[in-house]
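# Generate coordinates for the sequence data below:
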Amino acid sequence: MKCFADQWEKLDWDDIRLRINSKRAADVERALNAPLVGREELMALLSPAASAYLEPLAQKAQRLTRQRFGYAVNLFVPLYLSNLCANDCTYCGFSMSNRIKRKTLNAREIARECDAIRGMGFDQLLLVTGEHQSKVGMDYFRQHLPAIRQHFSSLMMEVQPLAEEQYAELKTLGLDGVLVYQETYHPAVYAQHHLKGNKQDFYFRLETPDRLGRAGIDKIGLGTLTGLSDSWRTDCFMMAEHLLWLQKTYWQSRYSVAFPRLRPCAGGIEPACVMNEAQLVQVICAFRLFAPEVEQSLSTRESPQFRDKVVPLAINTISAFSKTQPGGYAQAQSELEQFSPHDNRHPQQVAEALIQAGMQPVWKDWDRYLGRTLQ
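Residues are numbered from 1 along each chain as shown. From the prediction side, this is the model:
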């Protein structure tokens, strides 16, 4: 069975990079005026030449966002279940080589976290763990997912890549969506940053969204970690190719994209390239023109000021008050963090800022009476 890896093999990183960087002002103007934005137009909108067109790009992105999503912005929060990890990755605070305290939440601790999160108003949850198959794998998920699902109307996960049949089983336990970021689509750079563990397998990770699509997972999230490779523009275009493949092949699923930038963490690295705030706005707006129906997410990695200005342009989903360590909501323990969030505002403050900007905070996007049943 074919998967995106077959398409990826045909893509030439250096050629794509050259084509993006060779775009000129006339190419950007054609892309802005095109009724549909395809591959060539996206290259123009991601190019250095497009930086001079940020205002019209943002205006068009905002119009498309209002047409497709209205003024709604979904609020979610991550729940870190464990920081155990069997991988050694240069950019992650959970890496096995980092000397940090390790913690995996038990049933009672999970219940406390769920109560604390519900008390803040959240009804959409993202479960996050380090990648440790034996101690935080399917047995752990089977034990705890059904109880967690009872607290929340929407449940997503960002954990180690799993097999197709395992995703299908998790769906029966209440899983709605999975985020699986490739980090970078450049295999040599990928190898430089993934030193030990299962995450070294570039292709297994690359094929994870295909397994999700075949398992019938409702929502699939893609992302690149800006700063790993020396060309964020090329990585973003590669992700666009990935998105096109998935939408065509697994059209029943919904999709989201995100563009996280490296943030400080234990044992962290210096970015190979820096995407400034204007460039992050550029890529967010370019993707809105390229994929008007796809959700875009912006995390607490970014500053409060930046998020308040950018969310009304093209963002549909944001996290708030994120604690990136196990047990962070009921009892904060900063030494267990995966990375240091930048926007630490209370969720009600984030919601108020959205309202002030004319947006509508949405805490819940699904009800059981709408027809979803757990098998």
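# Tell me the gap between the top strand by length along the chain and the middle of its chain.
Secondary structure of the chain read by DSSP state E shows that its longest strand is strand 72-82. Strand 72-82 sits 11 Å away from the centroid of its parent chain (C-alpha atoms, centre = their mean, to the nearest Å).
# Quick one, grab the pLDDT at the nearest residue to residue 157 once chain neighbours are set aside.
Leaving aside its sequence neighbours, residue 157 sits nearest to residue 127 (C-beta to C-beta, 6 or more residues apart in numbering; 4.7 Å). C-beta: built from backbone N, CA, C; applies to glycine. pLDDT for residue 127: 97.
# Surely residue 127 is within a strand?
Yes - according to DSSP: H, G, I helix; E, B strand; the rest coil, residue 127 belongs to a strand.
# wouldn't it be in contact with residue 154 here?
No - in this structure residue 127 lies outside contact range of residue 154 using C-beta atoms under 8 Å: 11.4 Å.
# What average pLDDT does the one helix or strand residue 204 maps to get?
Here residue 204, judged by DSSP states H and E, is contained in helix 202-206. Helix 202-206 carries an average pLDDT of 98.
# Stretch 286-303 too?
Averaged across stretch 286-303, the pLDDT comes to 96.
# Equivalent analysis for stretch 241-258, please.
For stretch 241-258, mean pLDDT is 98.
# what distance separates the start and the end of it?
One end of stretch 241-258 sits 15 Å from the other (C-alpha to C-alpha, to the nearest Å).
# mind listing what's buried in it?
Neighbour-count burial for stretch 241-258 flags 241-247, 249-250, 253-258 (criterion: 16 or more other C-beta atoms under 10 Å).
# In helices, which of those fall?
Judged by DSSP state H, the buried residues of stretch 241-258 include 241-247, 249 as members of helices.
# Name the nearest of the residues you listed relative to residue 87.
residue 242 (21.6 Å; C-beta to C-beta).
# I'd assumed residue 205 was in contact with that closest one.
No - when contacts are counted by C-beta under 8 Å, residue 242 is not listed as touching residue 205 (11.6 Å).
# Now the common contact residues for these two.
residue 182 (C-beta atoms under 8 Å, 6 or more residues apart in numbering).
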